[in-house]
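# model the following, please.
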Amino acid sequence: VLTSGGGQTALAGLPTLARLVARYGSRIGILAGGQVRGGNAPQILQRTGVRELHVGFPDDAEPGRVAAVAAAVAQADQ
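Residues are numbered from 1 along each chain as shown. Coordinates of the predicted model:
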C-alpha cells in the first residue's frame, strides 16, 4: 500500500505509518511516500518500520534524488 499515512508528506504521517506497519506489516507491504528525500529517508524508516520507500521523480526533479535516498538508506542500515 503506497501511503503518506494521511499526511501531506510521509514525515507528517509518521504516527499513522508506524501504526499501519505494526498492525498490517507482516501481511502486506506498506510503502511510505510523500516528499521522501535523502535527508528524511532514514528517519522515516527508523520511526515507522516501513521497509520500502516511494521516491517520486518528475521531469523537474533535482538530479541525484534517487541516488541520495539510496545512499541515505544504505548508511542507515550500517
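# which pLDDT value belongs to the nearest residue to Ile28 once chain neighbours are set aside?
Spatial nearest neighbour of Ile28, chain neighbours left out: Val1 (6.1 Å); criterion: C-beta to C-beta, 6 or more residues apart in numbering. (C-beta placed from N, C-alpha, C; glycine too.) On pLDDT, Val1 comes in at 96.
# which residues touch the lowest-mean-pLDDT helix or strand in the chain?
Least confident element among the helices and strands of the chain, by mean pLDDT, DSSP states H and E: helix 65-77 (a mean of 91). For helix 65-77, the external contacting residues (C-beta atoms under 8 Å, 6 or more residues apart in numbering) are Val36, Arg37, Gly38, Gly39, Ala41, Pro42, Leu45, Gln46, Leu53, Val55, Phe57.
# count the neighbours of the third one for me.
Under the neighbour criterion other C-beta atoms under 10 Å, Gly38 is assigned a count of 18.
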